[in-house]
Each structure stands twice: as C-alpha cells, then as structure tokens.
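S.K.: Below are the sequence and a predicted model; questions follow.
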Amino acid sequence: MGDPVSSVAYAIEAALRALHGDLLLLLPTLAVVLGIIALVSVNYPQLYARFPEGGGDAPAAGKAFGEAWAFVPLGALIVDYTLTITISVAAAASAVIAYLPGLEPQRVPLALVLLFLVAGLTWFGHGGRTVFAAMTIGFIVVGTAVILIGLFAPDSYGHAPLRSHDTRWPPVAVLLAFPVAMALATGVEAPSSAIAQLGQLDDQGRRRFGRITLWLMLAIVIWLTAGLTVLAVRLHVGIPPANSTQVSEIARVAVGDGGLFASFQVTTALLLLAAASSSLQAGPGLLKALSGGGHGLGILPEPLGRANRHHTPYWSVVVFMLVSAALVVAAGGHEQQLVLFYAVAVFLAFLSGLLAMSRFFRAEGRRRLLTASVLGAGAVTLTLGLNLARGYPIASLAAALAIAAGLWRVWIRAGRPSGVTEAERLAELETPLPTPDASPASSSSPAPG
C-alpha cells in the first residue's frame, strides 16, 4: 500500500497548483480524482479472479490481444517504477526540509543521499523493504491523528484566501486540474502483482487477499486525501513556500510545531522512502524476469538477472538508481516538477488492462462488468488525453512506448520465447525463475464473480 498512500503527500498540492491556488475548487477536484480511482478499482477484482497467479495488466493484454501486446503495460510499468522512485525520494527530501528549512540549499544532495540509502537497503531484498513497510501503518496512524485534531481544533488559520484570481469557469478549472492529481492512482494495480508472492495460498485465497487489500487500500487513500483536503480548506492552507509542502503546512497549522508535527514529518518521509523501496524491488525484479540471468525469459542481457543471496538483481537496481538520480538532478529535487509526468505511464497500463477486460466481458456476455470496464477505460482515456494536452507529459508516453517497442524487438530476435505475459508475476517471486522455454502457468480461465 506504500505507493498510493504515499502519493497523498504530494498529489493534493499538485491539484492546488493546477487550480492556481483556488482552495474552494480543491474538494471537487479531489472528489473527481477519487471517483475515477474507485471506478478503476472496481475492475481489478476481476483481474484477480481471472489471473489469480498475479501479473495484472500484462497477462490480460497478452491474453486478449496477443502475447506481444503485453509489452505495452510492461513498458509503462518500467517508466512508472522509475518515476515512483524519483518522485518519492524528492518528496521525502521535501518533507525533511519542511521540518529543517535550513537544508533547502542542499535539496538535490539530500534527495540523492536518500535515493542511495534506499537502493542500499534494497540489497537485503524483501527483508529490507519490510523495515520501511511498517511506516505505512505509522503514517496512517499519525495522519489520522492530525486530521482529527485539525477538524476539532479551535480556530487557527493559515493566510491563504479561499478564492484565487483564476478567471477560468470553475468546471473547466476542475477538468484541467484533476488529471495532475491522478498521481494518487499509481499503485492501484499493486495487489494484482503482490498476490504472486502468496504461494502458500490457493487461487481462491489469493483472489480474496487481492480484493481485501485493494478495498482497504482504497478506503485508506480516500480517508487521508479527503481529510487533509478538508483541513486545507478549513484552515486556509494554500500553496506552500519553497522550503515546505502543503501537507506539512496543513499539519503545522492543525497541530502546531510540537511532537505530533515532528512525527508527521518523520512518518511522511519514511513512507515515501517505503514507496521508493517498493519500486526498487519491483522494477529490477521485472528486468530480472526478462533477462537471461537467473533463469529469466532471456530477452535482456544476462547481467540484469544476476542476484545476490537475498534474490536482489543488483545490476538492475543500479540501472534504476542511476536513471532516477539523473531525473532528481534534472528536476532540481522538486517532486512537483515531476508529478506532471506521473499519471501518464501508469494510466497506459490501466488502459491496456481495462480494454482487455472489456473484450473478455463482451465475449462472455457479461453486460454489467462490460459497462464498468468501458466506463473505466473512458475515464482513463480522458485523463490521459488531458495530461498529454499539457505538452511535456508526452515524454512519459513516448518513453513507455519506446521501451515497449524495444522489448518487443529483442523478444523477436530471441525467437519469441513464451512467458512474456508472466513477467510481472515472476518479478515478485524470490524462488528461481522458470527457464525461458518453459510454458507459462495457465492463468486465463475466468473464475466466478
């Protein structure tokens, strides 16, 4: 849950910046965001039912349109993992700076140190990630305390006006702003991959685990996002100064500068590092599954699959670390400079999965599920279109499609080894991977529900 929950730390501010500081429009904007996330989430239990071994959008696209189409969501996920790492460490640095403003001149070095720290802990595999995973619970507890105190605290307001000088018609302003905050949606697909780790459960158990995790994750994201957004409006907390963040200012105004504020900043930073850690496991794991090392599928160079005794593919970790470091430097360590690129790649993966599910449901005559998947695909397409209309985010789409095309070409050269649709599932396993010529496990039969 670390990925979507941690997005709360910067997505609300991203929406407010897109609204030019108009606090009165912040609630309807985030309501649209959460509504679309809920609509997309409704479809994912059907993925768990159909692919209980895990894997998410890639096996769905491969089964519906042909194995080669699995590379589209895989390319999108590689870009998404890279941006998650980059934005998370930059936002963690911002959380530290909000508590210690004197570190503002060292923003980029601080973000790089945090990146290298998380990458180093990745060496210890899932054991290292477990240390950070506990911070998700810590953030939920502390964030809930901040929200409850802020809702019932005596009047203590910030200085931002409720209305900005934005002259756009409010519905148009909301329409243009909500796609930026769709960074909250990243991670919705995580349970569909995580269930691959649950070898001790049967198919029904993995389906149940996936559904429970998804709905609990959605409830937590809605609670934290709605609660902090209401506080922002109630307490008049607008666009923050350069050495702070909006959620930090919300907490500061709500609870003061005491111990609870310090706890909020610490748990925020550690949660963001947890999200980076998760992607530094999943991304390199995906490259390992596609590589010729570690008995992967054999379409990427063998060194990318070499792993230590903790099953960490260290050269793949280095690749993600270096690319993320370059992006941190390019963005000056500011996560808000990168959020605009965020809700593009992951939405390409969503679209692949939703279109695949629509095809399944249409063939099976399941009209209600077909309606839900078509509506979800429409909402995702709208979000993609509005984000791409901003111009710069097209770089994320281009990168995802270029990676997909590159993987497809090396797959052709390697003789089209089977198992591509299983890559995302295999990325989550700590056991040795099957050999490239092994037939993928059958995961295409639909299940009830």
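M.R.: Arrived safely.

S.K.: State the distance from the residue nearest the centre of the chain to Leu351.
M.R.: By C-alpha atoms, centre = their mean, the chain has its centre lying nearest to Thr186, at 2.8 Å. Between Thr186 and Leu351 the computed distance is 14 Å (C-beta to C-beta, to the nearest Å). Every C-beta, even on glycine, is put in place using the N, C-alpha and C of the backbone.

S.K.: Over to Ile78?
M.R.: 16 Å.

S.K.: same deal with Leu340?
M.R.: 19 Å.

S.K.: if you count what's nearby, which of these two comes out ahead?
M.R.: For the pair Leu340 and Leu351, the greater number of neighbours falls to Leu351 (24 against 21), based on other C-beta atoms under 10 Å.

S.K.: what sits against that one?
M.R.: The neighbourhood of Leu351, defined by C-beta atoms under 8 Å, 6 or more residues apart in numbering, consists of Ala377, Val380, Thr381, Leu384.

S.K.: Give me the pLDDT for it.
M.R.: If you check Leu351, the pLDDT there is 91.

S.K.: Renumber starting at 29 from here on
M.R.: Sure thing, new numbering starts at 29, so read that last one as Leu379.

S.K.: And the helix or strand that contains it, what's buried?
M.R.: Following DSSP states H and E, one finds Leu379 within helix 370-392. Within helix 370-392, the residues scored as buried using 16 or more other C-beta atoms under 10 Å are 370-389.

S.K.: Kindly format the C-alpha coordinates of stretch 207-215 as CSV.
M.R.: The C-alpha trace of stretch 207-215 is given here as CSV (Å, rounded to 0.1, in the frame of the first residue of the first chain):
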residue,chain,number,x,y,z
PRO,A,207,-5.5,14.8,-14.2
VAL,A,208,-2.5,16.3,-12.4
ALA,A,209,-3.6,14.8,-9.1
MET,A,210,-4.2,11.4,-10.6
ALA,A,211,-0.8,10.5,-9.2
LEU,A,212,-3.0,9.2,-6.4
ALA,A,213,-3.9,6.3,-8.7
THR,A,214,-0.5,4.9,-9.0
GLY,A,215,-0.2,1.6,-7.1
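
S.K.: List the buried residues of it.
M.R.: Those would be Pro207, Val208, Ala209, Met210, Ala211, Leu212, Ala213, Thr214, Gly215, for stretch 207-215 by 16+ other C-beta under 10 Å.

S.K.: Please identify which of the residues you listed is nearest to Ile223.
M.R.: Checking these against Ile223 by C-beta to C-beta gives Gly215 as the nearest, at 14.4 Å.

S.K.: Setting aside sequence neighbours, what's the nearest residue to the closest one?
M.R.: Nearest residue to Gly215 in three dimensions, chain neighbours excluded: Asp31, at 3.2 Å (C-beta to C-beta, 6 or more residues apart in numbering).

S.K.: and the gap between the one you found and Trp439?
M.R.: If you measure Asp31 against Trp439 using C-beta to C-beta, the figure is 27 Å.

S.K.: For the two, indicate the residue with more neighbours.
M.R.: Asp31 (26 against 21).

S.K.: Could you say which helix or strand holds the more buried one?
M.R.: Counting by DSSP H and E, Asp31 is part of helix 30-34.

S.K.: residues making contact with that helix?
M.R.: Outside helix 30-34, the residues that touch it by C-beta under 8 Å, 6+ apart are 112, 116, 119, 160-161, 163-164, 167-168, 212-216, 218, 245, 248-249, 252, 299-300, 302-303, 305-307.

S.K.: how far does it sit from the chain's center?
M.R.: Offset of helix 30-34 from its chain centre (C-alpha atoms, centre = their mean, to the nearest Å): 7 Å.

S.K.: what angle separates whichever helix or strand comes after it from helix 370-392?
M.R.: On the C-terminal side of helix 30-34, the closest following helix or strand by DSSP H and E is helix 36-46. Relative orientation of helix 36-46 versus helix 370-392 (axes from the mean of the first three to the mean of the last three C-alpha atoms, to 10 degrees): 100 degrees.

S.K.: Tell me which other helices or strands helix 36-46 touches.
M.R.: Applying 3 or more C-beta pairs under 8 Å, 6 or more residues apart in numbering; DSSP states H and E, we find helix 36-46 packed against helix 54-78, helix 99-127, helix 198-205, helix 231-262, helix 274-283, helix 287-318, helix 364-367.
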